[in-house]
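Engineer: model the following, please.
(one chain, ligands or ions: 1)
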Amino acid sequence: MTPSPRRLAILGATGSIGTQALEVVRRLRAQGEPLQVVALAAGRRVQALAALAREFHPALVAVAGEEEARAIRPLLPAGVELARGREGLARAASHPQADLVLNAVVGALGLYATLSALEAGKTLALANKESLVVGGELVLSARRHPEQIIPVDSEHAGLYQLLSGVAREEVEKVWITASGGAFRDLAPEQLAAVTPQQALAHPTWRMGPRITVDSATLVNKAFEVIEARFLFGLSWEEIGVVLHPQSIVHALLELRDGSFVAQLAPPDMRIPIQAALTHPRRLGPPPSRLSLPGLSLEFRELPRERYPAYWTVLAAGQAGGTAPAVANAADEVLVEAFLAGRLPFTGIAAGLDWVLARHSPSEVRSLSDIEAADSWARALAREFVDGAGWAA
Ligand code: MG
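Structural biologist: Residues are numbered from 1 along each chain as shown. So this is what the prediction gives:
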């Protein structure tokens with residue numbers, strides 16, 4: 001039986017995940033998989049997006065704003081509809097021709113795309129972190145059934161695969177792994193002097209700049225714990241994080257009887273992306289292959305003092321309400337400042353602590369509650385970067 005065509009909307013098409021997803025689509029199509037790209041959205045890289053539109057001929061292309069729309073218009077093939085702004089992103093996410101939406105938007109804007117896709121009844125391959133970190137409760141109420149979201153992040157994709165094969169009451173605890181990022185082998189006192197260039201050299205993964213810095217602070221891992229809690233309906237105590245420098249084991253289940261089952265794969269995002277795009281099937285050949293002989297796998301406890309930002313962001317997740325949105329927005333500003341050379345690496349953790357200490361979380365009832373918390377946190381984080389908090 002030939003599978004029916006899968007029609008994709010790819011949001012964040014020119015970013016790290018989007019680019020790798022389109023690589024996967026090209027390869028699967030070359031081997032006869034009936035995949036169509038019906039909508040593409042990207043923010044500002046209009047040249048790259050226009051090239052993708054000429055290659056994939058989607059029905060709709062969405063860009064960030066008026067300026068990008070003007071720039072891309074003459075570059076698009078005839079018959080491609082153009083949309084812009086938040087509304088354009090929502091249109092791509094809910095496109096009538098799409099059945100699977102890959103949300104690889106970077107940043108809090110991704111939440112709008114997630115909610116639009118879920119409300120339109122699409123299956124959502126979720127790579128945008130902020131959706132669950134910032135808007136977990138809103139996402140859960142928009143989700144019609146648990147299978148509507150397929151996680152793309154490697155750890156959650158691992159858990160998703162593992163949990164489908166085990167009765168829930170037999171699971172004592174789930175574990176996700178952390179590579180420890182670029183600085184896991186430095187002494188804590190060396191961290192103040194590290195450069196953005198060093199932070200961007202991730203030992204195992206190739207990813208966008210913010211998430212690479214978030215891996216070095218382990219803020220990314222705290223976000224992933226928050227995401228896992230919403231995705232799989234777990235308590236905080238049921239989610240463990242273990243340091244695993246090789247990034248080969250992505251997730252483990254600790255079972256009631258003392259057995260562990262683990263998911264292993266090379267640190268290659270194309271593998272979980274492909275699993276999401278072809279779910280529930282598994283297709284070969286793999287984008288890259290793991291060779292077992294000679295492989296050694298190490299696990300260590302997370303050193304608390306090395307990763308202060310992890311604990312701050314995790315506490316924000318546990319506080320709930322607007323606190324994780326504040327953590328996310330502040331982190332975005334602080335990471336940007338670090339990458340621009342305006343803040344030392346250790347200032348990211350200090351800034352998160354400073355901003356969150358000034359926040360009283362309130363309940364999230366709507367997107368506007370999140371937006372308000374987000375702008376408040378950005379303003380405060382900028383104040384911190386500009387010296388008010390930093391000098392204190
Ligand atoms: Mg991850």
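Engineer: alpha carbons only for contacts and neighbour counts from here, please
Structural biologist: OK.
Engineer: tell me which helix or strand Leu8 sits in.
Structural biologist: Using DSSP states H and E, Leu8 sits in strand 6-11.
Engineer: other residues contacting that strand?
Structural biologist: For strand 6-11, the surrounding residues in contact (CA atoms under 8 Å, 6 or more residues apart in numbering) are 18, 34-42, 89, 92-93, 95, 97-105.
Engineer: centre of the chain to that strand, how far?
Structural biologist: Counting by CA atoms, centre = their mean, to the nearest Å, strand 6-11 is centred 17 Å from the centre of its parent chain.
Engineer: likewise stretch 210-228?
Structural biologist: Using CA atoms, centre = their mean, the offset of stretch 210-228 from its chain centre is 9 Å.
Engineer: can you get me the start-to-end distance on it?
Structural biologist: 20 Å (CA to CA, to the nearest Å).
Engineer: and it, average pLDDT?
Structural biologist: Taken as a whole, stretch 210-228 has a mean pLDDT of 95.
Engineer: any of the contacts of strand 6-11 buried? List them.
Structural biologist: Buried members of these, counted by 16 or more other CA atoms under 10 Å: 18, 35-42, 89, 92-93, 95, 97-105.
Engineer: regarding the protein, what is its longest helix?
Structural biologist: helix 367-385 (DSSP state H).
Engineer: and that one, C-alpha only, in PDB?
Structural biologist: Output of helix 367-385 as PDB, limited to C-alpha atoms (Å, rounded to 0.1, in the frame of the first residue of the first chain):
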ATOM      1  CA  LEU A 367      -1.800  35.100  26.000                       C
ATOM      2  CA  SER A 368      -1.900  38.700  27.200                       C
ATOM      3  CA  ASP A 369      -0.800  37.600  30.700                       C
ATOM      4  CA  ILE A 370       2.300  36.000  29.100                       C
ATOM      5  CA  GLU A 371       3.000  39.000  26.900                       C
ATOM      6  CA  ALA A 372       2.800  41.300  29.900                       C
ATOM      7  CA  ALA A 373       5.200  39.100  31.900                       C
ATOM      8  CA  ASP A 374       7.500  38.800  28.900                       C
ATOM      9  CA  SER A 375       7.800  42.600  28.400                       C
ATOM     10  CA  TRP A 376       8.300  43.200  32.100                       C
ATOM     11  CA  ALA A 377      11.100  40.700  32.200                       C
ATOM     12  CA  ARG A 378      12.800  42.000  29.100                       C
ATOM     13  CA  ALA A 379      12.800  45.500  30.500                       C
ATOM     14  CA  LEU A 380      14.200  44.300  33.800                       C
ATOM     15  CA  ALA A 381      16.900  42.200  32.200                       C
ATOM     16  CA  ARG A 382      18.000  45.100  30.100                       C
ATOM     17  CA  GLU A 383      18.200  47.200  33.200                       C
ATOM     18  CA  PHE A 384      20.400  44.500  34.700                       C
ATOM     19  CA  VAL A 385      22.600  44.400  31.600                       C
END
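Engineer: just the residues contacting that helix, thanks.
Structural biologist: Residues outside helix 367-385 that contact it (CA under 8 Å, 6+ apart): 134-135, 322, 325-330, 333-334, 337, 342-343, 351-352, 354-355, 363-364, 389-390.
Engineer: list buried members of those residues by neighbour count.
Structural biologist: Looks like the contacts of helix 367-385 have 134-135, 322, 325-330, 333-334, 337, 343, 351-352, 354-355, 364, 389 buried, using 16+ other CA under 10 Å.
Engineer: what mean pLDDT does the strand holding Leu8 have?
Structural biologist: 97.
Engineer: now do the buried residues in the helix or strand just after that strand.
Structural biologist: Using DSSP H and E, the helix or strand that follows strand 6-11 in sequence is helix 16-30. Using 16+ other CA under 10 Å as the test for burial, helix 16-30 gives 16-22, 24-25, 28.
Engineer: before we move on, what about stretch 290-307?
Structural biologist: 302, 306-307.
Engineer: would you mind measuring the gap between the ends of stretch 251-261?
Structural biologist: Using CA to CA, the two ends of stretch 251-261 sit 9 Å apart.
Engineer: ok, now stretch 53-67?
Structural biologist: End to end - CA to CA - stretch 53-67 spans 18 Å.
Engineer: what sits up against it?
Structural biologist: Here stretch 53-67 has contacts from 36-44, 46, 69, 76-77, 79-86, 88-89, 92, using CA under 8 Å, 6+ apart.
Engineer: which parts of it are buried?
Structural biologist: 53, 56-64.
Engineer: just stretch 70-82 next, same as before
Structural biologist: So for stretch 70-82, counting by 16+ other CA under 10 Å, buried means 72-73, 76, 80, 82.
Engineer: next, give me the two most distant ones among the residues you listed.
Structural biologist: Put simply, by CA to CA the two of these set farthest apart are Ile72 and Val80, 11.1 Å from each other.
Engineer: quick one: Ala21 and Gly347, what's the gap?
Structural biologist: 34 Å.
Engineer: quick check: phi and psi on Pro293?
Structural biologist: phi -60, psi 130 (degrees, to the nearest 10).
Engineer: where do the helices of the stretch 51-200 of the chain begin and end?
Structural biologist: Secondary structure of the stretch 51-200 of the chain (DSSP state H, counting those that start in this stretch): helices located at 66-72, 85-93, 110-119, 129-142, 154-163, 196-199.
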